[in-house]
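Enquirer: predicted model and sequence follow; I will ask about them next.
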Amino acid sequence: MNKVYPDAKSALDGILKDGMMIMSGGFGLCGIAETLSDAIRDSGVKNLTVVSNNAGVDGIGLSRLLETRQIKKMISSYVGENKLFAQQYLAGELELEFNPQGTLAERIRAGGAGIPAFYTKTGVGTLIAEGKEVKEFDGEKYLMERGLFADLAIVHAWKGDTAGNLVYRKTARNFNPMMATAAKITVAEVEQLVPAGQIDPDHIHTPGIFVQRIVEVGTGKKRIEFRNTRPRPDKSAAPAATGVEV
């Protein structure tokens, strides 16, 4: 089975449909499947439910799908720096299912493991608990949360092989590994594509059994949300007097 596709458009061919649920890996702008999300935008598919920790920042990644009004609902844990995300939600133009971040991660992991629901103490007695089953274990109350399983997962990896085995680099190993397991079809974009057998099995984070299609996208631009710096001392200035004669 050939899993390698020449570009993002062909890698998504025949998969996309209106009203589907898509999981999109990444955290902020780290490890997002930007090339694949752009291809989803270009396809014109609409009324999407997107599961993602957040929607990045304005003008990048999933935010481009918000610009074109292709996303109907977000299942997320953080609105954060995306002004368009917040504006559409507050205007009633975007449905939002808010989750505590750990709960969202576990809902995805559970879906990938075939677990339909689980119980957690997080959110008991808060707005998060509204409409959810509460059960008591050992004298403590817990909320029932449903596992998540999508029609499509798009993930970004540092390296992949032609069999679909993936390796994520540093912080990009965030929601990507669990999302790769929690969808009917997983499409991976990789910075480096190597022949099968070239990756040490002990280094593989996502086994190829979970990945149906793969596309090489190169390194691209590494974006950050905020660049926080501090003034550097003026090296041309004379050194301050120390009161010690030499």
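Expert: Arrived safely, thanks for sending.
Enquirer: going by C-alpha atoms from here, please, whenever you check contacts or count neighbours.
Expert: Noted.
Enquirer: low-confidence regions, this structure specifically.
Expert: Scanning the chain for pLDDT under 70 picks out 220-228, 236-246.
Enquirer: so which residues of it form helices?
Expert: 8-11, 34-43, 63-67, 83-90, 101-112, 176-181 (DSSP state H).
Enquirer: how about JSON lines for those, with mean neighbour count added?
Expert: Shown next, in JSON lines, are these (neighbours: other Cα atoms under 10 Å):
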{"stretch": "helix 8-11", "mean neighbour count": "18"}
{"stretch": "helix 34-43", "mean neighbour count": "19"}
{"stretch": "helix 63-67", "mean neighbour count": "21"}
{"stretch": "helix 83-90", "mean neighbour count": "16"}
{"stretch": "helix 101-112", "mean neighbour count": "20"}
{"stretch": "helix 176-181", "mean neighbour count": "27"}
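Enquirer: and of those helices, who's closest to T229?
Expert: Of all the helices of the chain, it is helix 83-90 that lies closest to T229, at 23.2 Å by Cα to Cα.
Enquirer: how far does that closest one sit from its chain's centre?
Expert: Averaged C-alpha coordinates place helix 83-90 at 19 Å from its chain's average position (Cα atoms, centre = their mean, to the nearest Å).
Enquirer: can you pull out the strands in the protein?
Expert: Listed in chain order, the strands of the chain (DSSP state E) span residues 4-5, 21-24, 48-51, 71-76, 95-98, 117-120, 134-137, 140-146, 150-161, 166-167, 183-194, 213-216.
Enquirer: looking at the ones you listed, which is nearest to I32?
Expert: Relative to I32, the nearest member of the strands of the chain by Cα to Cα is strand 150-161, separated by 5.9 Å.
Enquirer: may I have that closest one as CSV, with CA atoms only?
Expert: Provided in CSV are the C-alpha atoms of strand 150-161 (Å, rounded to 0.1, in the frame of the first residue of the first chain):
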residue,chain,number,x,y,z
ALA,A,150,-12.9,12.0,14.4
ASP,A,151,-13.5,11.4,10.7
LEU,A,152,-10.0,12.8,10.0
ALA,A,153,-6.9,13.7,11.9
ILE,A,154,-4.2,15.9,10.5
VAL,A,155,-0.8,15.8,12.2
HIS,A,156,2.6,17.3,11.7
ALA,A,157,5.8,15.3,12.4
TRP,A,158,9.5,16.1,12.1
LYS,A,159,10.3,12.8,10.4
GLY,A,160,8.3,10.0,8.8
ASP,A,161,9.0,7.0,6.7
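Enquirer: what strands flank that strand, and is each parallel or antiparallel?
Expert: Paired strands of strand 150-161, with direction, are strand 21-24 (parallel), strand 166-167 (antiparallel), strand 183-194 (parallel) (DSSP bridges).
Enquirer: including mean neighbour count, could those go into CSV?
Expert: Shown next, in CSV, are these (neighbours: other Cα under 10 Å):
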stretch, mean neighbour count
strand 21-24, 26
strand 166-167, 27
strand 183-194, 22
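Enquirer: adding distance to L12, write the ones you listed out as CSV.
Expert: Formatted as CSV, those follow (distance: least, Cα to Cα, whole Å):
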stretch, distance to L12
strand 21-24, 12
strand 166-167, 18
strand 183-194, 8
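Enquirer: looking at the ones you listed, spot the one closest to G114.
Expert: Comparing those by their distance to G114 (Cα to Cα), the top pick is strand 183-194, with 10.8 Å.
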